[in-house]
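S.K.: Requesting a structural model of the entry that follows:
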Amino acid sequence: MTLRQALLLGICIAMVIPAGEAGLDAASAEATTAVTDRPCFGAAARSPLQHCFNPSLERTVFPTPSDALLEPNAPCTPVGRANLLFPCLFGAGQTSPNDSAALIGDSHASHWRAAVDVVAQARGWPAISITRSGCPFIKAHVIIPKEQDATCQLWNRQVMDWLGRHPEVSTIFVSERSGARYHHPPGTGNFETAIQGNLKLWRALPHTVRNIFVIRDTPRNSVAAADCVRRVLARHERPGVLCARRRTKALHPDPAVVAARRTKSKRVHVLDMTRFFCDPTHCYPVVGGALVHKDTNHITAIFARTLGRYMLRMVDDAIKQPPRPLIDALLPDERALADCVLEERALALQAGGWDKVEASHLARATSCRQGLEARAAEIKQAGLTGTFNRANRYAAIREVLTVRG
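M.R.: Predicted coordinates for the structure are as follows:
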């Protein structure tokens with residue numbers, strides 16, 4: 001079955017799934033919108049592009065720790081079983097014969113689907129999710145319960161075969177539990193075995209996979225974090241700060257990231273979202289009012305979705321298709337205005353249009369745009385030759401102003 005056929009089948013299946021099984025019920029959806037539409041909700045509170053602070057979110061936690069345990073990963077439409085594979089579709093609704101994406105790995109891949117969905121939607125990629133809990137996509141023998149062992153190895157081979165039969169999948173996103181244990185020969189440690197297993201896998205991928213995005217594994221939550229958040233919230237205090245965990249305990253080295261930085265292959269890229277979870281000393285269980293983890297090592301779909309626009313920026317920068325406006329030529333105040341326009345535009349795109357976000361976002365984007373337009377007029381009046389790199393600055397500003405969105 002081609003991805004185009006799978007997409008059509010998925011649409012048919014979605015038409016017969018009861019609405020309550022596809023996502024939140026109407027009351028929950030209304031509550032979700034009320035919180036998630038607030039400025040600076042989720043990852044935006046730790047945006048490297050702007051200082052975003054909303055005091056109304058300091059004592060807000062959404063979803064609650066109890067609700068998060070029942071929260072599924074981002075929606076994905078099943079398209080039928082293929083031996084051990086249970087693929088499902090997400091991302092852009094239209095088909096693309098030569099440019100589709102896949103999210104592959106264990107449960108530490110599937111919890112990223114909400115973020116990858118934002119990327120796929122923005123880039124027009126139909127995307128397919130192929131994951132298996134406890135089974136990383138790697139050419140190494142993971143240590144798991146005996147009854148799952150042979151199945152995991154066979155699953156890995158079938159995923160590789162599937163990619164060979166689907167040349168339209170040109171981009172894959174992979175992630176895995178960084179603390180997984182592997183069978184390794186004497187003299188080779190577990191971490192190096194995992195590094196080599198990733199390198200071997202990437203070399204074996206079909207040449208039709210042009211880009212491999214390695215998503216760094218998330219920080220670990222403590223087992224006491226959920227109770228801490230409940231207690232602090234009941235006291236009307238700030239759970240994000242008071243329940244933080246030291247970075248040295250929460251964040252573990254990721255062998256897949258080390259492998260990606262060791263390889264010379266230009267098709268392998270790292271997506272490291274750590275700065276949205278942690279500062280240099282601590283990692284936070286609540287960020288911008290969003291509960292980060294649903295348990296000790298899986299993130300909530302709501303927080304993952306807020307990471308999507310920042311992941312999109314990283315993907316765009318990595319593959320240069322299309323290139324992001326060359327704002328490095330701008331002066332600091334011009335660059336801040338350009339980042340403001342681009343970030344608000346990306347937020348509106350993620351939400352489905354300016355009418356789907358609070359009016360404050362459009363107002364901010366308009367204000368920043370007007371500032372850029374005024375500066376462009378000043379540069380043009382001063383002349384596009386001479387000092388201060390006026391020609392390049394003017395060209396960069398015009399590019400930002402004319403980007404679709």
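
S.K.: and the nearest residue to residue 397 once chain neighbours are set aside, backbone torsions?
M.R.: The shortest distance from residue 397 to any non-neighbouring residue, by CB to CB, 6 or more residues apart in numbering, is to residue 376 (4.6 Å). Just so you know, the C-beta spots here come from the backbone N, C-alpha and C atoms, and that holds for glycine as well. Backbone geometry at residue 376, expressed as degrees, to the nearest 10, gives phi -60, psi -40.

S.K.: Any idea how many residues pack against residue 376?
M.R.: Close neighbours of residue 376, defined as other CB atoms under 10 Å, add up to 19.

S.K.: With adjacent residues omitted, what lies nearest to residue 164?
M.R.: Spatial nearest neighbour of residue 164, excluding adjacent residues (CB to CB, 6+ apart): residue 206 at 5.1 Å.

S.K.: Look at the one you found and give its secondary structure.
M.R.: Following DSSP: H, G, I helix; E, B strand; the rest coil, the label given to residue 206 is coil.

S.K.: how much space between it and residue 165?
M.R.: 9 Å (CB to CB, to the nearest Å).

S.K.: circling back to that earlier point, ok, now how distant is the residue nearest to residue 397 from residue 367?
M.R.: Counting by CB to CB, the gap from residue 376 to residue 367 is 15 Å.

S.K.: What ranges does the protein have for its strands?
M.R.: For the chain, the strands defined by DSSP state E cover 77-78, 88-91, 100-105, 126-131, 169-175, 211-215, 245-246, 268-271, 282-283, 286-287, 290-291.

S.K.: So for residue 64, which of those strands sits nearest?
M.R.: Between residue 64 and the strands of the chain, the tightest spacing by CB to CB is seen for strand 290-291, at 7.2 Å.

S.K.: just checking, residue 104 touches residue 132?
M.R.: No. Using CB atoms under 8 Å, residue 104 is not in contact with residue 132, being 9.4 Å away.

S.K.: who has more neighbours, these two?
M.R.: The neighbour comparison of residue 104 against residue 132 (other CB under 10 Å) goes to residue 104, with 25 against 22.

S.K.: ok, that one to residue 71 distance?
M.R.: 22 Å.

S.K.: and if you look at residue 109?
M.R.: Taking CB to CB, one finds residue 109 at 17 Å from residue 71.

S.K.: Neighbour count for these two, which is higher?
M.R.: Set side by side, residue 109 and residue 71 show more neighbours around residue 109, with 26 against 15, by other CB under 10 Å.

S.K.: Sketch out the helices for the stretch 151-300 of the chain, chain order is fine.
M.R.: Assigned helices in the stretch 151-300 of the chain, in chain order: 190-204, 225-234, 239-242, 247-250, 255-262 (criterion: DSSP state H, counting those that start in this stretch).

S.K.: so which of the strands of the chain comes closest to residue 43?
M.R.: strand 286-287 (6.5 Å).

S.K.: which residues sit against the closest one?
M.R.: With CB atoms under 8 Å, 6 or more residues apart in numbering as the test, strand 286-287 has contacts from 42-43, 45-46, 61, 229, 239-240, 243, 276-277, 292, 303.

S.K.: Show me just the buried residues among those residues.
M.R.: Buried members of these, counted by 16 or more other CB atoms under 10 Å: 42-43, 45-46, 61, 229, 239-240, 243, 276-277, 292, 303.

S.K.: now, which of those sits nearest residue 87?
M.R.: For the buried ones among the contacts of strand 286-287, the nearest to residue 87 is residue 303 (24.9 Å; CB to CB).

S.K.: Need the pLDDT of the closest residue to the closest one other than its chain neighbours.
M.R.: Computed as CB to CB, 6+ apart, the closest residue to residue 303 that is not its neighbour in sequence is residue 290, at 4.4 Å. At residue 290, the pLDDT value in this model is 96.

S.K.: Specify the beta-bridge partners of residue 290.
M.R.: Counting by DSSP bridges, residue 290 forms beta bridges with residue 62, residue 287.

S.K.: now it: how far from residue 310?
M.R.: Distance, residue 290 to residue 310, by CB to CB: 13 Å.

S.K.: any common contacting residues for those two?
M.R.: residue 43.

S.K.: Can you report how many residues neighbour residue 184?
M.R.: Around residue 184 there are 18 other residues, counting by other CB under 10 Å.

S.K.: Which residues are in contact with it?
M.R.: Counting by CB under 8 Å, 6+ apart, residue 184 touches 140, 190, 192, 193.

S.K.: does residue 371 really touch residue 337, like I thought?
M.R.: Yes. Counting by CB under 8 Å, residue 337 is a contact partner of residue 371 at 4.7 Å.

S.K.: neighbour count winner among those two?
M.R.: residue 337 (24 against 17).

S.K.: didn't that one look like it was pressed against residue 375?
M.R.: Yes. When contacts are counted by CB under 8 Å, residue 337 is listed as touching residue 375 (7.3 Å).

S.K.: which neighbours do these two share?
M.R.: Joint contacts of residue 337 and residue 375 (CB under 8 Å, 6+ apart) do not exist.

S.K.: How many residues are close by the nearest residue to residue 163 once chain neighbours are set aside?
M.R.: Once flanking residues are discounted, residue 163 sits nearest to residue 206: 5.7 Å by CB to CB, 6+ apart. Counted with other CB under 10 Å, the neighbours of residue 206 add up to 13.
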